[in-house]
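**Q** return atomic coordinates for the entry below.
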Amino acid sequence: MQIRRAEKTDAKGIASVHVDSWRTTYKGIIPDEFLDRLSYDQRTSLWENNLNKDDSYTFVAVDESGEVIGFGDCGKRDRNHVENAGDLTSIYLLEPHQGQGIGKELLKELLQQCQRVGFNQVFVEVLEDNHTRYFYEHYGAQLIKTEMITIGGKELSLLIYEWPNVNDVAW
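**A** Numbers count the residues shown, from 1 in each chain. The predicted structure follows:
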């Protein structure tokens, strides 16, 4: 397994992980009708656009054959107006590869990238019913806010965490 910066040719693999991970991670949280409508083609187009942006940083985890098995992305959301602060916008792994330390390595790379571009403070948003929140808490993210959002017609609690200083994350 290798973690590396995503290339434009990774868009299809990232999209596949994105859709498949949403369908396993959010089953029972987000309505099935919404998850069933997720499209590999639409996500591929989304990631082709994302990978062309200068202010978005995407990393992939690839297996020995070069297949994308996970990815993570960071940058600065439009609604983030905090100086020197960035956002961890996603970390997704295919279910068979979870629990093997790959998520930790992706998180480490993403937080290091945030540091490289001058983001000392980093935010991450996670649905309350998504157990990934405990992963972020384990690595020092602190809950600072809860908001209500709607996905697929269902009201959900969105938790906003922060790492006040990414230099202090203990690995």
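**Q** buried stuff in stretch 105-123?
**A** Judged by neighbour count (16 or more other CB atoms under 10 Å), stretch 105-123 contains these buried residues: 105-111, 113-115, 119-123. Where you see a C-beta, it was placed from the backbone N, CA and C, and this is true even at glycine.
**Q** go on, stretch 41-56?
**A** Of the residues in stretch 41-56, those buried by neighbour count under the rule 16+ other CB under 10 Å are 43-44, 47-48, 50-51.
**Q** same list (these) but as CSV, adding secondary structure and pLDDT.
**A** As requested, the buried residues of stretch 41-56 are arranged in CSV below (DSSP: H, G, I helix; E, B strand; the rest coil; pLDDT from 0 to 100):
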residue, secondary structure, pLDDT
43, helix, 98
44, helix, 98
47, helix, 97
48, helix, 97
50, helix, 94
51, coil, 96
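**Q** closest one to residue 5 out of those, please.
**A** Of all these, the one sitting nearest residue 5 is residue 51; the distance, using CB to CB, is 9.9 Å.
**Q** touching, that closest one and residue 13? I think so.
**A** No - with contact defined as CB atoms under 8 Å, residue 51 does not count as touching residue 13 (11.3 Å).
**Q** look up how far residue 40 lies from residue 6.
**A** As defined by CB to CB, to the nearest Å, residue 6 lies at a distance of 17 Å from residue 40.
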